[in-house]
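K.L.:
Take this sequence and fold it.
(one chain, ligands or ions: 1)
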Amino acid sequence: MHRLVAVSNRLPLCDNPSGGLVVALQDALSNSGGLWIGFSGEQSEDPAETLTFHDGARFQRASFDLSEEDFDSYYLGYSNSVLWPAFHGRADLIEIDPVFLDGYRRVSEKIARMMVPHLKEDDRIWIQDYQLIPLAAALRKLGVTNRIGFFLHIPFPDPATCAALPNPKEMFEWLSQYDLIGFQAQRDVRNFTESAAQLAEIEMPGDDVIRLCQRETRAGAFPIGIDAAGFMGDARKAREEDRMRSLTNSKMMIGVDRLDYSKGIPQRFRAFQLLLENNPDLTEKVMLLQIAPPTRESVEAYQDIREETEHLAGRINGQFATVNWTPIRFIHRPIPRHELAGLYRQANVGLVTPLADGMNLVAKEYVAAQDVANPGVLILSRFAGAAETMDEALIVNPHDPWDMADAMKRAINMTSNERRRRHSALLQNVVESDVAWWADNYLKKLG
Ligand code: ADQ
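P.N.:
Numbers count the residues shown, from 1 in each chain. Below you'll find the model as predicted:
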């Protein structure tokens, strides 16, 4: 059996780490005596170029620190001020600065140098996500000939948006160094091949085999799932005292997102405002619980989205609230998974309405958490990768507040027969295509 070496931006460092990717990789890593490498989260002045090993998991874990300069240019800069907006179709938010690109290349080169002494000839290497695209190219330069796979958790942009990157051709050269490039959805595979055809060199001799920038590789869609069994268990065990209480006994809609401009939170709030404006009978009868912890707060676009959502929630609450009812409850903190599972289960409607999203795991968590005898209704954006496999949800255009307000009304009034029919089809997919299935599928193909 080949040992698996996984590399991601952040290493899960707590004791007994949990979370989707950990659950996904745990078996593959544990069974193969595997190793997971990632950033420690610590910035230090002149960090040593060596890996630090950590106990406490069923597999080996090794971390590295970054200097402040590397962190700023690689993570806040190129990863989150260039690639994240571009890959989510927001070329208008890209901040191009040659310092960012230098830092981005440099960090992959450093990680490659730290990895090489620990690699064995027949290891399989699996690199995760947009922060580390150049890593295979950096490893190849150091003579690594192992099979190396890559998985992109976020969408791949169309040719026009890809062309807004400072270095589109180099991006495809980096990608060509992988043996398998995994995407979340067919939409991403199409964008990738079309962008490569316009901005680099690609031939497609057959099926998933491609020649990209003179090198043979493969690409395909591997939709990620959740730890469905774990989530269903958490939701069943959720405690009564962690539930939301309402003085007016109103129905509850829930949104759970990192506070990010790709998640469509202001658009969701505006649709809810329209629903309340056009349906005065819903006053005190329905509320929206939005849980959205801020992230990447030193990037300007994230300060803007925080201000915009807070302002909008305040305005809507001011416009409609009564002494006993606040239409939007807005929480800026992460919530422990078992509490979140209980809130999903309590919610009559799950609102997952991103403007762009690789997959969106909240859609799957919401479905897994429902009571099968009395399930809630999922409202899902057509721009989430999840929409490709979850068509029994109410699919909406998140740019159209009328469409979303209609879907909200329909969901609130849906008969229990229709709710059960839709939910059982959705649940089957979430359970069958869980995160272990995803990792297994990908690694088989890489092998
Ligand atoms: P994210 O952009 O982080 O992930 P998502 O898929 O929704 O988006 O995952 C978020 C996770 O964080 C979920 O498990 C959710 O429960 C949790 N979470 C969010 N808000 C929380 C809160 N307030 N408290 C506690 N937990 C919270 C990226 C891509 C996605 C892709 C995933 C996985 O952007 O498109 O689905 O990776 O590949």
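
K.L.:
now residue 380, what's its secondary structure?
P.N.:
For residue 380, the secondary structure call by DSSP: H, G, I helix; E, B strand; the rest coil comes out as strand.

K.L.:
Surely residue 285 and residue 248 touch.
P.N.:
Yes - at 7.3 Å, residue 285 and residue 248 qualify as touching, with contact defined as C-beta atoms under 8 Å. Using the backbone N, CA and C atoms, a C-beta is placed for each residue, glycine as well.

K.L.:
Who are the contact partners of the residue in the stretch 201-350 of the chain that the ligand sits nearest to?
P.N.:
In the stretch 201-350 of the chain, the residue found nearest to the ligand is residue 334; the distance is 3.6 Å by C-beta to the nearest ligand atom. With contacts taken as C-beta atoms under 8 Å, 6 or more residues apart in numbering, residue 334 has the following neighbours: residue 293.

K.L.:
The one 4 residues further on too?
P.N.:
Applying C-beta under 8 Å, 6+ apart, one finds that residue 338 lies in contact with 234, 237, 238, 242.

K.L.:
Relative to the ligand, which residue of the stretch 101-250 of the chain is the closest?
P.N.:
The stretch 101-250 of the chain approaches the ligand most closely through residue 153 (3.6 Å), counting by C-beta to the nearest ligand atom.

K.L.:
Give me the distance between stretch 208-225 and the centre of its chain.
P.N.:
For stretch 208-225, the distance from its own C-alpha centre to the chain's C-alpha centre is 20 Å (C-alpha atoms, centre = their mean, to the nearest Å).

K.L.:
Tell me the span between the first and last residue of it.
P.N.:
Start to finish, the residues bounding stretch 208-225 are 22 Å apart (C-alpha to C-alpha, to the nearest Å).

K.L.:
buried ones in it?
P.N.:
Counting neighbours by 16 or more other C-beta atoms under 10 Å, one finds that the buried residues in stretch 208-225 are 210, 212, 213, 217, 218, 219, 220, 221, 222, 223, 224, 225.

K.L.:
If we check the ligand, which of those residues are in contact?
P.N.:
Filtering the buried residues of stretch 208-225 for neighbours of the ligand using C-beta under 6 Å from any ligand atom leaves residue 224.

K.L.:
Report the buried members of the contacts of residue 338.
P.N.:
Once neighbours are counted (16+ other C-beta under 10 Å), the buried part of these comes down to 234, 238.

K.L.:
so how many other residues sit close to residue 133?
P.N.:
Other residues within reach of residue 133 by the criterion other C-beta atoms under 10 Å amount to 23.

K.L.:
my hunch is that the residue of the stretch 201-350 of the chain closest to the ligand is in a strand, does that hold up?
P.N.:
No - inclusion of residue 334 in a strand is not indicated when three-state DSSP is applied; the result is coil.

K.L.:
Kindly list the main-chain dihedrals of it?
P.N.:
Reported as degrees, to the nearest 10, the phi and psi values for residue 334 are phi -70, psi 150.

K.L.:
follow-up on the earlier one: the buried residues of stretch 208-225 in strands, which ones?
P.N.:
210, 212, 217, 218, 219, 220, 221 (DSSP state E).

K.L.:
Okay, and the beta partners of the second one?
P.N.:
Which is residue 212. residue 202, residue 215 (DSSP bridges).

K.L.:
quick one: it and residue 202, what's the gap?
P.N.:
The spacing between residue 212 and residue 202, counted by C-beta to C-beta, to the nearest Å, is 5 Å.

K.L.:
What strands line up against the longest strand seen in the chain, and which way round?
P.N.:
Among the segments of the chain that qualify as a strand by DSSP E, the longest is strand 35-43. Counting by DSSP bridges, the strands paired with strand 35-43 are strand 4-10 (parallel), strand 60-66 (parallel).

K.L.:
Excluding its own residues, what touches that strand? List them.
P.N.:
3-13, 25, 29, 51-52, 57, 59-68, 71, 111, 114-115, 118.

K.L.:
Would you mind listing which of those are buried?
P.N.:
Among the contacts of strand 35-43, the ones that count as buried (16+ other C-beta under 10 Å) are 3-9, 11-13, 25, 29, 51, 57, 59-67, 71, 111, 114-115.

K.L.:
Understood, closing this out.
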